[in-house]
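*Asks:* this one's sequence-less:
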């Protein structure tokens, strides 16, 4: 067995081909090193053999024949070193467009982009580099050959690039310089709310909502929340709506008697439209639901409501005529510690029918 290694790093070398000769200098077998640098010749009789290296991309070939002796019942291991012929790859990272979050202009060098180097022949990762404050990163000396280079971590508030560089180092001392660009993260969420313009005391009405992640990145801790106008109405029915990505989520609520959120339902599927009778939740006298909170966790780009969620309320019978009942809702999500939120509200005028008094008849 041969262990083919880099004389500088000690790492195994993939793809080195060896020819095995018997004691009479007759070629009898040919094998190539695996991704750990090992070459195995099996089933040999005890005796003397010769080894010769045929090819080894990226390394100075060692054409000297080596003599090995195989003993019955034993594994003979030969360590064979090669000196690499090296070049280097440099990457400079820039902002593709101005960032609304960091304030950096288009073309600004970017710190913190990490790249992975994969040797194409072996599929092994051979280096990682990260750009400095000048936006520059350089590989260690690499043996000549072909490399696939991918970004594995983007600078803060920039999107990970899907670009793969396919680069070949062809001669000793070659330096290949690459320019790479990242698109800035754009954060956005939206919420809309619609309901009745007017409602009679003692009557029900419904609010319809839409929510969306309009960012160009996924958001964590995504939620939408409704503040119920419990001073003028009581929540009766909640329907969850459906959403564009299949996720599990939960719904929380709280009341005017308890500032802590309680779980209404958990492990819900975004593909199902559930209905909950909020007025059936056991309450104390004078207690009312004040808030409903949808907790989705991490949501993908483009996440949005498909069938609109709804909230129905009933105006109190003793509500004041002409009172402006305000329902407020908000939505939000987080990216790398930065929150993005939006709000919506709807005003409904409460009406009460006023009967005209009957006046006494006078005259003849």
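*Replies:* All right, it came through fine. As the structure is a computational prediction, the values presented were derived from the model and not from experiment.
*Asks:* pick out the residue nearest the middle of the protein.
*Replies:* In the chain, the C-alpha nearest the mean C-alpha coordinate belongs to residue 218, at 6.0 Å (Cα atoms, centre = their mean).
*Asks:* residue contacts, the spatially closest residue to that residue that is not a sequence neighbour?
*Replies:* Nearest in space to residue 218, with sequence neighbours left out and distances taken as Cβ to Cβ, 6 or more residues apart in numbering, is residue 300 at 5.1 Å. Bear in mind the C-beta positions are built from the backbone N, C-alpha and C, glycine included. Residue 300 sits next to 213, 218, 245 when contact means Cβ atoms under 8 Å, 6 or more residues apart in numbering.
*Asks:* now, which of these sits nearest residue 157?
*Replies:* Nearest to residue 157 out of the contacts of residue 300 is residue 218 (Cβ to Cβ; 13.8 Å).
*Asks:* which one's the longest strand in this structure?
*Replies:* strand 338-351 (DSSP state E).
*Asks:* contacts for that strand, please.
*Replies:* Contacts for strand 338-351 (Cβ under 8 Å, 6+ apart): 101, 157, 187-201, 205, 207, 209, 215, 219, 232, 315, 319-334.
*Asks:* filter the residues you listed down to the buried ones.
*Replies:* 101, 157, 187, 189, 191-193, 195-196, 199-201, 205, 207, 209, 215, 219, 232, 315, 319, 323, 325, 327, 329-334 (16 or more other Cβ atoms under 10 Å).
*Asks:* how about the helices in this structure?
*Replies:* For the chain, applying DSSP state H gives no helices.
*Asks:* domain assignment for it?
*Replies:* Here the domain parsing of the chain from automatic domain parsing is 2-82, 86-182, 189-351.
*Asks:* weakest of those domains by average pLDDT?
*Replies:* Here the lowest mean pLDDT among the domains of the chain goes to domain 2-82, at a mean of 86.
*Asks:* ends of it, what's the gap?
*Replies:* Domain 2-82 stretches 13 Å from its first residue to its last (Cα to Cα, to the nearest Å).
*Asks:* chain center to it: distance?
*Replies:* 45 Å (Cα atoms, centre = their mean, to the nearest Å).
*Asks:* please renumber the chain so that the first residue is 19 from this point on.
*Replies:* Sure thing, new numbering starts at 19, so read that last one as domain 20-100.
*Asks:* residues contacting the residue nearest to residue 245 when sequence neighbours are not counted?
*Replies:* Spatial nearest neighbour of residue 245, chain neighbours left out: residue 346 (4.4 Å); criterion: Cβ to Cβ, 6+ apart. Neighbour list for residue 346: 244-245, 361-363 [criterion: Cβ under 8 Å, 6+ apart].
*Asks:* for the longest strand of the chain, buried residues please.
*Replies:* Buried residues in strand 356-369 (16+ other Cβ under 10 Å): 358, 360, 362, 364, 366, 368-369.
*Asks:* kind regards, and thank you for your time.
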